[in-house]
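# Provided below are the primary sequence and the corresponding predicted coordinates.
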Amino acid sequence: MATIDLNRLIKRYGQTTVVHGIDLSVRDGEFVVLVGPSGCGKSTTLRMIAGLEEISGGEIRIDGRVVNDLQPRDRNIAMVFQNYAIYPHVTVADNIAFGLYRSKLSKSEKRQRVEQVAETLGLSQLLDRRPSALSGGQRQRVAIGRAMVRDPAAFLFDEPLSNLDAQLRTQMRIEIKRLHHRLGTTSVFVTHDQVEAMTMADRIVVMRDGRILQVGTPLELYENPVDIFTARFIGSPTMNLLPASLRDGGAELSLGGFIQGPSANATSAEILVGARPQDLVPSSPGVPGLTVSGTVAVVETLGSETLVHVESAGQTIIGSAPGRQIPQIGEHLTLHAPAERLYYFDKATEKALAAR
Amino acid sequence: MKAAASSHGLAMPHIRPGRIVAWTLLFIGGVIMVTPLLFMLSTSLKDASQVYDLRVIPEAPTLDNYVEILGDGRFTRWLINSTIVAVIVTLSNVFFDSLVGYTLAKFRFRGRYIIFIAILSTLMIPTEMLVLPWYLMASQFGWIDSYWGIMFPGMMTAFGTFLMKQFFEGVPDDFLEAARIDGLNEFTIWWKIAMPLVTPALSALAIFTFLGNWTAFFWPLIVTTSAELYTLPVGLSSFAVEQSIQWEKIMTGASIATLPTLIIFLFLQRYIVRGVMLAGLKG
């Protein structure tokens, strides 16, 4: 149980700065997900919290205590790696017991704790096996067991699911979530997968180029992205962005059409109108909002819904139709999104406009 | 293939000519390798009068040479000396070569590359050139005619360090970082995590070092003066100078000396299994 605070945290490799003075407070028991494209500094940040990377500037506090110069072993954190990193030359039981390496418990107490953890993770039958005799999911569970056994102040996860196949990933996602719910240990989870971030996080931290763009609950990020990057990064498929110009108390789309509403606090008259594919559905424009017409170019049938790629004036716009209503390719289709579901961004600064 | 076989009425499978050539060459190679070994064994079973009778199977095989050699206190002394020297030097190499190799492979520090190059460059210097400085050094420190004198030049080798460095570079950093978080100190990480992951390389290094020292002749000959400190090869060669050349004794001693190498090889060979390392990591 602990809080984690980052104050103006900086990481430089020689001349290159990869983390530009970020601030973040992780509350006790919170599950925070750092998300961003590769090279955004999220893993580096996690490794600095773990103590595996030196800090070039700023401060890290775990439970109020500055840990800048502490060795990883003195920070009382546990980490789960992308590659599992369980030791191949010892059994599952010994792998988990390595988590208790510095513990003063007696041998039998250690054994007992290892068995408890194995029980929790469903590894009891595998304790005498070597890692080579385990499946990918089991290996990752052993790695989690090694982290859990010590009852650390915080868990750090470095893309732990990206090596698993899709089905197992979904399953482990739920297991980690459930485990966090049970143990209530502060967790920082790094991923480049926005679905993982959305489904697991109490709060998401969106990072790009070594800076934090936005921190918020999954829904806050989905509903109120602060800029184009976050708007496109969160949500799948990505948000449609249509160029428009502000004029006469509304926005005139370059595709044609006019939307009443967006206020004009943009630095220029050029803006982008954003519409999530889920909000852009085939219907006739009864209510004010965005209307796009075009030719159906691609249809992606998902069962629960159907994604429709419509081409209009050289731009492809993705909308969604109900699962059983599958448009034909080449068909002319009109998509409509109500005004209150639209997003507006300044084209020059890429920041969200306070129109909603 | 089936059609060809039936048309000739032969049941034999078709063998490609390349195979025949390869097998023939391998067979000849095998014979060349085994013949001296056979002669060594066969000579050891002959008495002095039969030595120049070149039959492989002795006319009147006898174990007298073995009885005599093993009963000779000097021979057992040499056997013990060789064992002491080879075992200690091997352990020392396995320990220090891998310690230095690991440090060079896994730690970033100023001068790391220069140290590595310096170690490598010693491989260019032939042993013959080193013998004189070694000898002067040994005599200055009073190491002539002592176990330490025989062992000190080989306690660490550039080759072993290089070999271990290369293997440690293949050990993924994730293992070491996981261990760091688990609370192991740097030495324990090396000993408990990294070392078991390079067992194949350690076995290879152990075999090379043991064999090299078990059969070493030149340096032990130079640095030892008293017969009690001779290693086996030096001792055996003394059979050739004292009176006449006693071939049957030399061959008996050589036969006995071959045994430990065979045993060591058979014992360590099963550890030279690749893929031990990959089991704990994905991909």
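Structure's in. What do you need?
# run the chain-centre distance for stretch B:60-68.
28 Å (CA atoms, centre = their mean, to the nearest Å).
# just stretch B:90-107 next, same as before
In terms of CA atoms, centre = their mean, the centre of stretch B:90-107 is set 18 Å apart from its chain centre.
# what residues sit buried inside it?
B:90, B:92-94, B:96-106 (16 or more other CB atoms under 10 Å in any protein chain shown). Where you see a C-beta, it was placed from the backbone N, CA and C, and this is true even at glycine.
# any idea how far the longest helix seen in chain B is from the chain center?
Counting by DSSP state H, the longest helix found in chain B is helix B:73-106. Chain-centre distance of helix B:73-106: 11 Å, with CA atoms, centre = their mean.
# does chain A have contacts with it?
No - judged by CB under 8 Å from any CB of the partner chain, helix B:73-106 stays clear of chain A, getting no closer than 13.2 Å.
# helices and strands around that helix, which ones?
helix B:112-121, helix B:147-151, helix B:158-169, helix B:199-214, helix B:232-238, helix B:247-269 (3 or more CB pairs under 8 Å, 6 or more residues apart in numbering or on different chains; DSSP states H and E).
# report the mean per-residue pLDDT for it.
Helix B:73-106 shows a mean pLDDT of 94.
# now it against helix B:158-169, angle please.
Angle, helix B:73-106 to helix B:158-169, by axes from the mean of the first three to the mean of the last three CA atoms, to 10 degrees: 40 degrees.
# now do stretch B:42-55: everything it contacts.
Under the contact criterion CB atoms under 8 Å, 6 or more residues apart in numbering or on different chains, stretch B:42-55 has outside partners B:56-66, B:246-248, B:251-252, B:254-255.
# give me that answer again for 7 Å
For stretch B:42-55, the surrounding residues in contact (CB atoms under 7 Å, 6 or more residues apart in numbering or on different chains) are B:56-59, B:61-62, B:64-65, B:247-248, B:251-252, B:255.
# considering those residues, which possesses the most neighbours?
Comparing those by number of neighbours (other CB atoms under 10 Å in any protein chain shown), residue B:252 comes first, having 28 neighbours.
# dump the residue contacts of that one.
B:44, B:65-66, B:69.
# using CSV, lay out those residues together with distance to residue A:193, secondary structure and pLDDT.
Output for the contacts of residue B:252, formatted as CSV (distance: CB to CB, whole Å; DSSP: H, G, I helix; E, B strand; the rest coil; pLDDT from 0 to 100):
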residue, distance to residue A:193, secondary structure, pLDDT
B:44, 71, helix, 89
B:65, 75, helix, 86
B:66, 72, helix, 89
B:69, 73, helix, 85
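# buried only: go through those residues for me.
For those, buried by 16+ other CB under 10 Å: B:44, B:65, B:69.
# if we can go back for a sec, adding distance to residue A:149, write the helices and strands packed on helix B:73-106 out as JSON lines.
Formatted as JSON lines, the entries for the helices and strands packed on helix B:73-106 read as follows, by distance: least, CB to CB, whole Å:
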{"stretch": "helix B:112-121", "distance to residue A:149": "36"}
{"stretch": "helix B:147-151", "distance to residue A:149": "45"}
{"stretch": "helix B:158-169", "distance to residue A:149": "28"}
{"stretch": "helix B:199-214", "distance to residue A:149": "26"}
{"stretch": "helix B:232-238", "distance to residue A:149": "52"}
{"stretch": "helix B:247-269", "distance to residue A:149": "35"}
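# in a markdown table: those helices, plus distance to residue A:202 and mean pLDDT.
What follows is the helices and strands packed on helix B:73-106, written out as a markdown table (distance: least, CB to CB, whole Å; pLDDT from 0 to 100):
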| stretch | distance to residue A:202 | mean pLDDT |
| --- | --- | --- |
| helix B:112-121 | 43 | 93 |
| helix B:147-151 | 63 | 94 |
| helix B:158-169 | 40 | 93 |
| helix B:199-214 | 44 | 88 |
| helix B:232-238 | 72 | 88 |
| helix B:247-269 | 54 | 83 |
